[in-house]
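**Student:** only the shape, not the letters, is given here:
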Ligand SMILES: [Zn+2]
């Protein structure tokens, strides 16, 4: 069966040549090439099987000579390759080994093997990766994402990631900013809460439940147009000056990032409840910060909102929490409308 995939696997191999040669930071092993091709052929999909079946006669004709070559190469490699080098012959089959992402975008490669995956990034400031392989572009630059088999760390693969800027978005220290100074383009729409935010919030809800408290999502992602409707309604009801103290103008809402959540009761009656106190003391453990703390109205641009949390990732959230600063102070930025 293998021989009919020769042509396809050669193509696969050529496409992924650079990734193969740099397999997980190990030195390239020339004699590993034929085996790498075999790995690629094992990962061929059913569609590709149908495609190549038509060529099977021709391929079968080629196969006798190719198999012979492979045997010769195997013999050669057996005599020159050590045991540890042989492990580098195998590379985890992925749906891609190279990608370009705009800052803020997320992409997940498909792993075509049943393994316990361990994902790591060579530079978490450029692109991070979660336990499922969701790669999130953080800041302009290049880095390498590596997946390895937990049971055999030598069985691995690398993805070369290039992160390019997203026009109209402001990232400071890898954090997407939406406040009164920095706005988001009207067409920026991550389509909902980001996967990382969602997963972190689920853990937060569970953590609160373990402490006997009920935290729930009241408002998550809001598109530009939805925020426009909400803001216009508040302006109509309260006047613009008043509305600006508690509602963001369209493009300026942190909810448009897909990384902000309003929990439970969205009004002043939430303040001082056990849930509000728990959020204030524990949300950073799950990667969130209380975005608009008490007494910081002049800095954040918003009155105290005990219900509004922002996802930053556990490390950054802890750093901001431990600093005792608002996000604006932590990053040294303003939050003021220009007019
Ligand atoms: Zn909010």
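**Tutor:** Now that the structure is in, tell me what you want to look at. Treat the numbers as computed from the prediction; the structure is a model and nothing was measured. Numbering: from 1, shown residues only.

**Student:** check whether stretch 280-292 contacts the ion.
**Tutor:** No: against the ion, stretch 280-292 shows no contacts by Cβ under 5 Å from the ion, the least distance being 7.6 Å. C-beta here means a position set from N, CA and C on the backbone, and glycine is covered the same way.

**Student:** list the buried residues of that stretch.
**Tutor:** Across stretch 280-292, burial judged by 16 or more other Cβ atoms under 10 Å covers 280, 282, 283, 284, 286, 287, 288, 289, 290, 291, 292.

**Student:** chain center to it, what's the gap?
**Tutor:** Taking Cα atoms, centre = their mean, to the nearest Å, one finds stretch 280-292 lying 20 Å from the centre of the chain it belongs to.

**Student:** and the end-to-end length of that stretch?
**Tutor:** End-to-end distance of stretch 280-292 (Cα to Cα, to the nearest Å): 11 Å.

**Student:** contact partners of that stretch?
**Tutor:** 196, 200-201, 203-204, 207-208, 211, 254, 260-261, 279, 293, 300, 302-306, 308-314, 316-318, 320-321, 326-327 (Cβ atoms under 8 Å, 6 or more residues apart in numbering).

**Student:** ok, back up a step: can you redo the buried residues of stretch 280-292 as TSV with distance to residue 219, secondary structure and pLDDT?
**Tutor:** Putting the buried residues of stretch 280-292 into TSV (distance: Cβ to Cβ, whole Å; DSSP: H, G, I helix; E, B strand; the rest coil; pLDDT from 0 to 100) gives the following:
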residue	distance to residue 219	secondary structure	pLDDT
280	18	helix	97
282	20	helix	98
283	16	helix	98
284	21	helix	98
286	18	helix	98
287	19	coil	98
288	14	strand	98
289	17	strand	98
290	15	strand	98
291	13	coil	98
292	14	coil	97
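
**Student:** on that earlier part again, among the contacts of stretch 280-292, name the buried ones.
**Tutor:** By neighbour count, with 16+ other Cβ under 10 Å, those hold 196, 200-201, 204, 207-208, 254, 260-261, 279, 293, 300, 302, 304-306, 308-313, 316-317, 320-321, 326-327 as buried.

**Student:** take these and keep only those in helices.
**Tutor:** The helices, defined by DSSP state H, take in 196, 200-201, 204, 207-208, 279, 300, 316-317, 320-321, 327 from these.

**Student:** residue 124 touches residue 137, doesn't it?
**Tutor:** No: checked against Cβ atoms under 8 Å, the pair residue 124 and residue 137 is beyond contact range at 11.5 Å.
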